[in-house]
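Engineer: I'd like to go over a predicted model; first the sequence, then the structure.
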Amino acid sequence: MEQGVLQLTLRWDGGHILAAGVASTRPAAARVLRGLPLAQVLEFVPRLFSLCRCAQDAAARLSLQAARGQGPALAASAAQTLTVALEAIGEHLWRLLLDWPPLCGQPSRKSEFLLWRKRLQGVVDAAAATALGTCLLDWLDSERPPLFDDCTTGAPVALLPRLAAADWGVHLDSDVLCELPTFAGQPAETGALARHAEDAQVAPLLAFGQRLQARLAARHADLRWLAQGLVQPARLSAWLDAAMVAEGCGLARVETARGTLLHRIELDGERVASYRIVAPTEWNFHPRGAFVREITGRRVATRAEAELAARRLALSLDPCVSFAVAVDDA
Amino acid sequence: MCLALPCRIVELRPAEQALIDVAGVGKEISLALVEDVAVGDYVIVHVGYALTRLDPEEAEKTLALFAELGEAARQEAQPGRA
């Protein structure tokens, strides 16, 4: 079994990107959890995932608790919520400091990232979290998202609504949805933009069709929200929850830097009858999703420009695996 | 989803780089995010960076798990399976 790659292919006629395709070689890990004893699930899940390890672990634990009927609407523990929030902050900083600068013609800010990573790893209690949150808020005051003069043509995909775990039950009723998720039959975008579309710094950009710029502004807003959450932990309770959605069936919703992560577990005694995971990348890189919709029809004069546009758009949608871009002649 | 596949360090290179073995194929990665890595250690890699160092026992357990899951996925993919 390998990690998998997202292959993004553009068809370019010398002036416009006519079409785009997304192919994924990522294995559907959740399927192989089926039939396992429950104790093994909690051991396996954090071992399987790298970047979003804490979020996956929290989602597995919460969905299992919910399936066992341990409370009708479960809240995560303060410690669990803190580790998930710190993980999301680390992911945002990775993108902002390591990945975006090279796509804007600037050097990567590796030493700054290393410093933040050390600080994040050093958070051992609530007091340290408060100190880090304050420090992050100060830093964000002097940071601005990179500027792009982007403009989407055509109608963008809808933003994924923010539902509680209990309300996700009816939307997660088949295995197909895990790999090709839709909401009300349509692809949707998840991530910082879906969480902060109404923010004062984000809404005007969306209204003018500057979708990529709006995503970057939303990422900053998300980071600020998380930093405030470190200072006032009660705010973070909105970040994750779980509910029993049917007899012996639990569903957990955990927000991550990349968007909403859903786990749904169905029990058969002390074993897993079915396990479904819907990860953010599946929404944003759906074959009719935000990436394909927004890159298609884009006017680009050169092959290099087509590739750069695809890289920037893909990064703004934040896939959780490596991606490769290929430009084919139409 | 980002699977945490352990990769073995085959060679240390200048400028905090290292060569890893991914299913028999060599790949150069950065060691900037991890400390005290030696040849033979296992690391979890994401987009060209080693994220965490695993102790060998932990790595073996995870590799065995991935092998098991890979086998289960192959069986699932076989047509005609009940």
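Structural biologist: Alright, I've got the coordinates.
Engineer: and the strands in chain B, which stretches?
Structural biologist: In chain B, the strands defined using DSSP state E lie at B:6-13, B:17-22, B:25-30, B:42-46, B:49-54.
Engineer: could you do the stretch 201-330 of chain A as well?
Structural biologist: In the stretch 201-330 of chain A, the strands defined using DSSP state E, counting those that start in this stretch lie at A:240-246, A:249-256, A:259-268, A:271-278, A:323-329.
Engineer: check the offset of the longest one from the chain's centre.
Structural biologist: Pointing back at strand A:259-268 there. Relative to its chain's centre, strand A:259-268 lies at 15 Å (C-alpha atoms, centre = their mean, to the nearest Å).
Engineer: just give me the neighbour total for the spatially closest residue to A:Ala273 that is not a sequence neighbour.
Structural biologist: The shortest distance from A:Ala273 to any non-neighbouring residue, by C-beta to C-beta, 6 or more residues apart in numbering or on different chains, is to A:Glu266 (4.4 Å). Placement of C-beta: from N, CA and C, glycine included. Residues within reach of A:Glu266, counting by other C-beta atoms under 10 Å in any protein chain shown, total 19.
Engineer: so A:Glu266 makes contact with A:Glu247?
Structural biologist: No. Using C-beta atoms under 8 Å, A:Glu266 is not in contact with A:Glu247, being 9.5 Å away.
Engineer: hmm, back to that, return the most buried member of the strands of chain B.
Structural biologist: Across the strands of chain B, averaging neighbours per residue (mean count of other C-beta atoms under 10 Å in any protein chain shown) puts strand B:42-46 on top, at a mean of 23.
Engineer: any idea which of the strands of the stretch 201-330 of chain A is most buried?
Structural biologist: Most buried of these by mean neighbour count (mean count of other C-beta under 10 Å) is strand A:249-256; its value is a mean of 26.
Engineer: and residue 33, how many neighbours?
Structural biologist: You didn't say which chain, so I picked chain A. Neighbour count for A:Leu33, taken as other C-beta under 10 Å: 22.
Engineer: hmm, I had chain B in mind actually
Structural biologist: Using other C-beta under 10 Å, B:Leu33 has 20 other residues around it.
Engineer: just name the shakiest helix or strand of chain B by mean pLDDT.
Structural biologist: helix B:56-77 (a mean of 79; mean pLDDT, DSSP states H and E).
Engineer: and it, how far from the chain's centre?
Structural biologist: 12 Å.
Engineer: okay, that helix in CSV with CA atoms only?
Structural biologist: C-alpha atoms of helix B:56-77 as CSV (Å, rounded to 0.1, in the frame of the first residue of the first chain):
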residue,chain,number,x,y,z
PRO,B,56,12.1,0.7,14.8
GLU,B,57,9.6,-1.3,16.8
GLU,B,58,6.9,1.2,16.1
ALA,B,59,7.8,1.4,12.5
GLU,B,60,7.7,-2.4,12.1
LYS,B,61,4.2,-2.5,13.7
THR,B,62,2.9,0.2,11.3
LEU,B,63,4.5,-1.4,8.3
ALA,B,64,2.9,-4.8,9.2
LEU,B,65,-0.4,-3.0,9.5
PHE,B,66,-0.1,-1.4,6.1
ALA,B,67,0.9,-4.8,4.6
GLU,B,68,-2.2,-6.3,6.2
LEU,B,69,-4.4,-3.5,4.9
GLY,B,70,-2.9,-3.7,1.4
GLU,B,71,-3.7,-7.4,1.4
ALA,B,72,-7.3,-6.7,2.6
ALA,B,73,-7.7,-4.1,-0.1
ARG,B,74,-6.4,-6.4,-2.8
GLN,B,75,-8.9,-9.1,-1.7
GLU,B,76,-11.7,-6.6,-1.7
ALA,B,77,-10.8,-5.6,-5.3
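Engineer: give the buried residues for it.
Structural biologist: B:59, B:62-63, B:65-66, B:69, B:72 (16 or more other C-beta atoms under 10 Å in any protein chain shown).
Engineer: was I right to think B:Tyr49 contacts B:Ile29?
Structural biologist: Yes. The criterion here is C-beta under 8 Å, and B:Tyr49 meets it with B:Ile29 at 6.5 Å.
Engineer: what about A:Ala131, is that helix, strand or coil?
Structural biologist: helix (DSSP: H, G, I helix; E, B strand; the rest coil).
Engineer: give me the number of residues near residue 48?
Structural biologist: No chain specified, so I'll use chain A. With other C-beta under 10 Å as criterion, A:Leu48 counts 26.
Engineer: right idea, wrong chain: chain B
Structural biologist: The burial count for B:Gly48: 12, using other C-beta under 10 Å.
Engineer: that'll do, ta.
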